[in-house]
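A.B. asks: 3D, please:
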Amino acid sequence: MMSDNSGQDGKGKSDARLVSLDMQLKAARKAEAERSGQDQAPAKGMRQGNRVLTELIAGPAGGALVGWVLDRWLGIAPALLLTCMFLGIAVAFRNIIKISAERPD
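C.D. replies: As a prediction, the model looks like this:
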């Protein structure tokens, strides 16, 4: 049987080349994480932008859906659809104004 004489028994001194390689790998991983933005949480400004986008989509869409259902239920053509959609737009803009008053820090 051949003995494994690699010199890496875990008890001796560590090889300077391996230590150097390990440090280079850690630095490269850190630089890549910083470059790609994976080491940071999303900025508050980005979260506010997503909230504004959600309000712009959900407000009119929700109002239109509620208006469409009420129009079908009550049998009056597009009156409630348009009314609820414009109310949804108004509520969305009101919420966007509130969001924009917050400080992004």
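A.B. asks: figure out how far stretch 78-86 is from the centre of its chain.
C.D. replies: Averaging C-alpha coordinates over stretch 78-86 and over its chain gives two centres that are 32 Å apart (CA atoms, centre = their mean, to the nearest Å).
A.B. asks: how about stretch 18-34?
C.D. replies: Relative to its chain's centre, stretch 18-34 lies at 27 Å (CA atoms, centre = their mean).
A.B. asks: how about it: buried residues?
C.D. replies: When burial is assessed from 16 or more other CB atoms under 10 Å, stretch 18-34 yields no buried residues. C-beta here means a position set from N, CA and C on the backbone, and glycine is covered the same way.
A.B. asks: average pLDDT across that stretch?
C.D. replies: Stretch 18-34 comes out with an average pLDDT of 88.
A.B. asks: CA atoms only for it, dumped as PDB, please.
C.D. replies: Listed in PDB are the C-alpha atoms of stretch 18-34, where the atom choice follows Å, rounded to 0.1, in the frame of the first residue of the first chain:
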ATOM      1  CA  LEU A  18      -2.200  28.400  -0.500                       C
ATOM      2  CA  VAL A  19      -2.700  31.300   2.000                       C
ATOM      3  CA  SER A  20      -1.900  33.800  -0.800                       C
ATOM      4  CA  LEU A  21      -4.400  32.100  -3.100                       C
ATOM      5  CA  ASP A  22      -7.000  32.000  -0.400                       C
ATOM      6  CA  MET A  23      -6.600  35.800   0.200                       C
ATOM      7  CA  GLN A  24      -6.800  36.500  -3.600                       C
ATOM      8  CA  LEU A  25     -10.000  34.400  -3.900                       C
ATOM      9  CA  LYS A  26     -11.600  36.300  -1.000                       C
ATOM     10  CA  ALA A  27     -10.700  39.600  -2.500                       C
ATOM     11  CA  ALA A  28     -12.000  38.600  -5.900                       C
ATOM     12  CA  ARG A  29     -15.300  37.300  -4.400                       C
ATOM     13  CA  LYS A  30     -15.700  40.600  -2.400                       C
ATOM     14  CA  ALA A  31     -15.000  42.700  -5.500                       C
ATOM     15  CA  GLU A  32     -17.500  40.700  -7.600                       C
ATOM     16  CA  ALA A  33     -20.200  41.000  -4.900                       C
ATOM     17  CA  GLU A  34     -19.600  44.800  -4.800                       C
END
